[in-house]
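Asker: structure, please.
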Amino acid sequence: MMNKLTPEILVLDDDPFTLKLLARILANLGYNSVTLCESGHAALKHIDNPADRPDMILLDLNMPKMDGIEFVYQLAERHYTGSIILFSGEDEHLLQATEKLILMHGIKIPGSLRKPVSPEKLGALLDKWLALPQAGTQQTVKLHGADELRAAINNGELLNYYQPKVEPASGRVMGVETLVRWNHPRDGMVLPSEFIGLAETHGLIDELTRVVLTGALAQAKAWQEAGLVLQLAVNVSIDNLASPDFADFIAGLAAKAGVAPRDIVLEVSESHIPMNDMSAPLETLTRLRLKRFRLSIDEFGTGHSSLVQLRGIPFDELKIDQSFVHGAWSNKTVQAKYDASMAIAKQLDMEVVAVGVEDKNDWNNLRRTGCNFAQGYFIAKPMPAADLPGWIKTWHERMKE
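Answerer: Numbering: from 1, shown residues only. This next block holds a predicted model:
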């Protein structure tokens, strides 16, 4: 973790007293590199200067001339890659909507605070931010081309990591989700958010999916032979589902690997499902169900599917998006969204996986509400296959405690 004194923090609020108060709070928390701005235009001058660009912005929402929403838009236009903490006297619903907007612009946000700002709560959010991978530093997004990705697929640069899925009621390890990484020879480990879209745009997604599935199925078979039977989840693209041969393609891979379809979960992101034209994906999904593969709708709540539409798609499992899980126990709005997702799953007779379980309070909330399965950093980060047996042993010891 980086030193707490290192981050550059900018505070934006039109009230001079609030600025002085926050500067004092930050100094008491050990943050000494702080810039205060009374207007969005003044703050943007710092953003436009690479030497002054802050790692974290504390942002008020309701300001004259340029409000917080417009300021976020200006940050997105400038490709700001730092983080934001909101603080405002506005109601919780508006704060939640603004948080979602910030995330949609690709800007990280560890949370928001109501005015007057509590030093303890601000300190906790900053600690949470610093604990995130590569927090507090401006990251340069490295662009990769289609030819580079094609070579990576052919050269074996794609690696599968696995994140455990456990049962809150018992603590049993039920399965793993496969998460692909690109071990780039120059840039190191590249996350899928930086290359899946590239693969879809340039017709590489089927080949990429084949590599991921082949590796994951071989690993599942190796675990089975070692006495470790786990349900294997793999993400598939909506572009994969558009192919009429995809169901047979996956069935053939599973048969060759010796893994039963009932032990494989295929996850599709809700935000990518074209509800206005489901004919081709629905045909493939239905055939996969006939072949006894399990189907999961991922990132539920981020798309626009209705209960009627979901009823017509043969999903077995609903994965509640992390924005409806983490902190729900202390936030009425988030808890209401979580409860609504649970109710929809119950109506459709689907099992539920809660994603984004980051602390013990999240975990206890899932136990209290009867959630079937859980994933998140409180349980485990994604890991190489070789690390899983050791982690399972440690997890069982945690459960005893």
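
Asker: which segments of the protein make up each domain?
Answerer: By the assignment in automatic domain parsing, the chain contains the domains 9-131, 146-400.

Asker: could you dump those domains to TSV with mean pLDDT and mean neighbour count?
Answerer: Just so you know, the C-beta spots here come from the backbone N, C-alpha and C atoms, and that holds for glycine as well. What follows is the domains of the chain, written out as TSV (pLDDT from 0 to 100; neighbours: other CB atoms under 10 Å):
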stretch	mean pLDDT	mean neighbour count
domain 9-131	89	17
domain 146-400	91	17
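
Asker: could you pick out the longest strand of the chain?
Answerer: Longest among the strand segments of the chain by residue count, using DSSP state E, is strand 173-184.

Asker: partners of that strand in the sheet?
Answerer: In the sheet, strand 173-184 lines up against strand 158-166 (antiparallel), strand 188-190 (antiparallel), strand 231-235 (parallel) (DSSP bridges).

Asker: okay, these in JSON lines with distance to Arg210 next?
Answerer: Output for these, formatted as JSON lines (distance: least, CB to CB, whole Å):
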{"stretch": "strand 158-166", "distance to Arg210": "11"}
{"stretch": "strand 188-190", "distance to Arg210": "19"}
{"stretch": "strand 231-235", "distance to Arg210": "11"}
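
Asker: who are the neighbours in contact with the closest residue to Pro16 other than its chain neighbours?
Answerer: Nearest residue to Pro16, sequence neighbours excluded (CB to CB, 6 or more residues apart in numbering): Glu38, at 6.6 Å. By CB atoms under 8 Å, 6 or more residues apart in numbering, Glu38 lies in contact with 12-16, 19.

Asker: can you name the two of the residues you listed that sit furthest apart?
Answerer: Based on CB to CB, the longest span within those runs between Leu12 and Pro16 and measures 12.4 Å.

Asker: now for Phe293: which residues touch it?
Answerer: Counting by CB under 8 Å, 6+ apart, Phe293 has contacts 250-251, 254, 261-262, 264-266.

Asker: please name the nearest non-neighbouring residue to it.
Answerer: Phe293's closest residue in space is Pro261 (CB to CB, 6+ apart), at 4.5 Å.

Asker: which strands and helices sit next to the helix or strand containing Met399?
Answerer: Using DSSP states H and E, Met399 maps to helix 388-400. Applying 3 or more CB pairs under 8 Å, 6 or more residues apart in numbering; DSSP states H and E, one finds that helix 388-400 contacts strand 158-166, strand 173-184.

Asker: who touches stretch 24-36?
Answerer: Identification of contacts with stretch 24-36 by CB under 8 Å, 6+ apart yields 4-11, 19-20, 22-23, 46, 52, 54, 117, 119, 122-123, 126.

Asker: same thing with stretch 385-395?
Answerer: Outside stretch 385-395, the residues touching it (CB under 8 Å, 6+ apart) are 160, 162, 164, 166, 171, 173, 176, 219, 222-223, 226, 228, 379-380, 383.

Asker: Leu125 and Ser118 touch, don't they?
Answerer: No. Judged on CB atoms under 8 Å, Leu125 makes no contact with Ser118 at a distance of 10.0 Å.

Asker: one step back: name the nearest of the contacts of Glu38 relative to Ile205.
Answerer: Closest approach to Ile205 among the contacts of Glu38 (CB to CB): Leu12, at 40.6 Å.

Asker: that closest one bridge partners, please.
Answerer: Applying DSSP bridges to Leu12 yields these beta-bridge partners: Cys37, Leu59.

Asker: contact partners for Asn62?
Answerer: Counting by CB under 8 Å, 6+ apart, Asn62 touches 68, 88-90.

Asker: farthest pair within those residues?
Answerer: Longest span within the contacts of Asn62, CB to CB: Gly68 and Gly89, 11.8 Å.

Asker: then stretch 89-98 to PDB, C-alphas only?
Answerer: C-alpha atoms of stretch 89-98 as PDB (Å, rounded to 0.1, in the frame of the first residue of the first chain):
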ATOM      1  CA  GLY A  89     -26.500  18.000   1.600                       C
ATOM      2  CA  GLU A  90     -28.700  16.500  -1.100                       C
ATOM      3  CA  ASP A  91     -30.800  13.500  -0.400                       C
ATOM      4  CA  GLU A  92     -29.500   9.900  -0.600                       C
ATOM      5  CA  HIS A  93     -31.300   9.100  -3.900                       C
ATOM      6  CA  LEU A  94     -29.600  11.900  -5.700                       C
ATOM      7  CA  LEU A  95     -26.200  10.900  -4.300                       C
ATOM      8  CA  GLN A  96     -26.800   7.300  -5.500                       C
ATOM      9  CA  ALA A  97     -27.700   8.400  -9.000                       C
ATOM     10  CA  THR A  98     -24.600  10.600  -9.200                       C
END
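
Asker: against which helices or strands is the lengthiest helix in the chain packed?
Answerer: Longest helix in the chain by number of residues, with DSSP state H as the criterion: helix 205-225. Packing partners of helix 205-225 (3+ CB pairs under 8 Å, 6+ apart): helix 146-154, strand 158-166, strand 173-184, helix 196-201, strand 231-235, helix 238-241, helix 246-257.
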